[in-house]
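Undergrad: Sequence first, predicted model second:
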Amino acid sequence: MKELVRSMLVGAAFSLAAMPASAQEKPRAEVMHWWTSGGESAAIKTFADAYAKAGGEWVDSATAGGENSRAATINRMVGGQPPTAAQFNTGRQFDDLVSQGLIRPIEDLAQEGGWKEAMPTSLVAAASRDGELYALPINVHGQNWTFYSKDVLEKSGVSELPATWEAMIPALQKIKDAGFTPLALGGQPWQERALFNAILLQQGGKDLYMKVYRDKDEEAVRSEGFRKAVETYGALRAMVDAGSPGRSWNDSTSLLLRDQAAIQVMGDWVKGEFTNAGEKPGEDYGCTIGLDDTMLMVGGDVFVFPKTDEPAEKAAQDLLVETMISKDAQIAFNLAKGSMPVRKDVDTASFDACAQKGLKLLQSEAGQAPVFEILVSASLAGSVDDVVTQFWNNPSAEPDDVVEGFVNAFEIEG
């Protein structure tokens, strides 16, 4: 009997030795991202749960703040210690990593899965380099939403949200006179620039917006339409509270949740905070795209997968891609995140009234404009941020300062 047991154990040992490591261990994925707010944490957890259900082990590596997270990712990759996957915004933020050969193309997985055709062509293009997919788009975010506290508007005597910036400024002054914060804004360069771009697109129109950021057109920057957007932006400096400088976007959202502020102009990730707090659109808060629901500034988030020769790491990446892009995961994640599914072939009946507005505009290219991160390089984006934030934080700055700042930035970019 002992000999039989010994023989069985030896046989089992040989069988295990012959098996590949991936068959003995579940795929293990370290995922770097910056989703640390309440709504964001709830959203990323849906991916982690789906990955575990698919047989993988999710190792969460979160760093607060997009710039901080991206810097940590780049340092890890350049230093030869990459994560399994890392978050970037849709656009050109990871261009240098691709050019250095540090990112794994996932075109083969897209072709095998057949899901690329179900994505908006603009987001596929933004995630591709030389015809190959180098990043996995996982959502569609609109960056020019206006969220508002219905309670604050009512108590301020503002019957409805104005549909133009010309009408919005006096309405915000009325809200300020009633003792509320008119505009909830976090004083960080990317938030200040997001507000400016929302105004430029709404007030100047898509044609002007594209001439400025896609074409780097000096004549467009010197136009009356651009100057008018800068003037409107400057008028809003008087509409924020003293706590604005340096504040995070989600702390600004909390002002709306507590009915202390009237509006927040931001991406629809804000909606994830409302959802996490149990608030409902149309009842507790309102939402518009821009100010009149006619033009969606389209962007989103992607994950990149560092190049590796390790079969186990590739298997973990493969499972991550398959999990994140699956229909079920797309629905669960985007419901929690406040965004819209990147796949157009999923059932969106369960998405709320705000999301339905965005989904409607996604049906036609005419109702969309790309976020500026898709249109400009990372270096030019930084220059634009500098110009806009310097104007916002200097009350004596004039629209001419912004005009000349943009022109100089375009000239340096070439």
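TA: Everything's here; your move.

Undergrad: So, low pLDDT: which residues of this structure?
TA: 1-24 (pLDDT under 70).

Undergrad: Give me the distance between the spatially most central residue of it and residue 287.
TA: Taking CA atoms, centre = their mean, the centroid of the chain lies closest to residue 300, which sits 4.2 Å from it. Per CB to CB, to the nearest Å, residue 300 is found 18 Å from residue 287. (C-beta placed from N, C-alpha, C; glycine too.)

Undergrad: For the residue nearest to the centre of the chain, what are phi and psi?
TA: As for residue 300, its main-chain torsions (degrees, to the nearest 10) stand at phi 160, psi -160.

Undergrad: for residue 46, what are its contacts?
TA: Applying CB atoms under 8 Å, 6 or more residues apart in numbering, one finds that residue 46 lies in contact with 329, 332, 333, 336.

Undergrad: let's go with 6 Å and repeat that
TA: Contact partners of residue 46, counting by CB atoms under 6 Å, 6 or more residues apart in numbering, are 332, 333, 336.

Undergrad: For my notes, confirm the second one occurs in a helix.
TA: Yes - the assignment for residue 333 is a helix, going by DSSP: H, G, I helix; E, B strand; the rest coil.

Undergrad: which one is it nearest to, not counting chain neighbours?
TA: Spatial nearest neighbour of residue 333, chain neighbours left out: residue 46 (4.7 Å); criterion: CB to CB, 6 or more residues apart in numbering.

Undergrad: Is that neighbour in a helix, a strand, or coil?
TA: Residue 46 - assigned by three-state DSSP - is helix.

Undergrad: ok, it to residue 337 distance?
TA: 8 Å.

Undergrad: Ok, residue 58 next?
TA: With CB to CB as the criterion, residue 58 and residue 337 are 17 Å apart.

Undergrad: ok, residue 81 - how many residues close by?
TA: When neighbours are defined as other CB atoms under 10 Å, residue 81 has 10 of them.

Undergrad: ignore the last one, residue 350
TA: Residue 350: 9 neighbours (other CB under 10 Å).

Undergrad: What of the one 3 residues further on?
TA: A total of 12 residues lie near residue 353 under the criterion other CB under 10 Å.

Undergrad: cool, and residue 248?
TA: 15.

Undergrad: Verify the stated contact: it with residue 184.
TA: No - contact criterion CB atoms under 6 Å: residue 248 and residue 184 do not qualify, at 11.3 Å.

Undergrad: Which residues are in contact with residue 389?
TA: 189, 192.

Undergrad: tell me which element it falls in.
TA: Per DSSP states H and E, residue 389 falls inside helix 378-392.

Undergrad: could you pull out the strands for the stretch 151-300 of the chain?
TA: 181-183, 261-266, 285-289, 296-299 (DSSP state E, counting those that start in this stretch).

Undergrad: That should have said the stretch 301-414 of the chain, apologies.
TA: Counting by DSSP E, counting those that start in this stretch, the strands of the stretch 301-414 of the chain are 301-304, 368-370.

Undergrad: Show me which residues of the shortest one are buried.
TA: Of the residues in strand 368-370, those buried by neighbour count under the rule 16 or more other CB atoms under 10 Å are 368, 369, 370.

Undergrad: what does stretch 225-243 give?
TA: Across stretch 225-243, burial judged by 16+ other CB under 10 Å covers 225-230, 232-234, 236-237, 239-241.

Undergrad: How far does that stretch sit from its chain's centre?
TA: Remark: stretch 225-243 is offset 23 Å from the chain centroid, using CA atoms, centre = their mean, to the nearest Å.

Undergrad: Output that stretch as PDB - backbone C-alpha positions only.
TA: Extracted C-alpha coordinates of stretch 225-243, given in PDB (Å, rounded to 0.1, in the frame of the first residue of the first chain):
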ATOM      1  CA  GLY A 225     -15.200  84.200 -31.200                       C
ATOM      2  CA  PHE A 226     -12.100  83.000 -29.400                       C
ATOM      3  CA  ARG A 227     -11.700  86.300 -27.500                       C
ATOM      4  CA  LYS A 228     -15.300  86.200 -26.500                       C
ATOM      5  CA  ALA A 229     -14.800  82.700 -25.000                       C
ATOM      6  CA  VAL A 230     -11.800  84.000 -23.000                       C
ATOM      7  CA  GLU A 231     -13.900  87.000 -21.700                       C
ATOM      8  CA  THR A 232     -16.600  84.700 -20.600                       C
ATOM      9  CA  TYR A 233     -14.000  82.500 -18.900                       C
ATOM     10  CA  GLY A 234     -12.500  85.500 -17.100                       C
ATOM     11  CA  ALA A 235     -15.900  86.600 -15.800                       C
ATOM     12  CA  LEU A 236     -16.200  83.200 -14.000                       C
ATOM     13  CA  ARG A 237     -13.300  84.000 -11.800                       C
ATOM     14  CA  ALA A 238     -15.700  86.000  -9.600                       C
ATOM     15  CA  MET A 239     -18.000  83.000  -9.300                       C
ATOM     16  CA  VAL A 240     -15.900  80.500  -7.400                       C
ATOM     17  CA  ASP A 241     -15.500  80.200  -3.600                       C
ATOM     18  CA  ALA A 242     -12.300  80.900  -1.600                       C
ATOM     19  CA  GLY A 243     -11.700  77.200  -1.200                       C
END
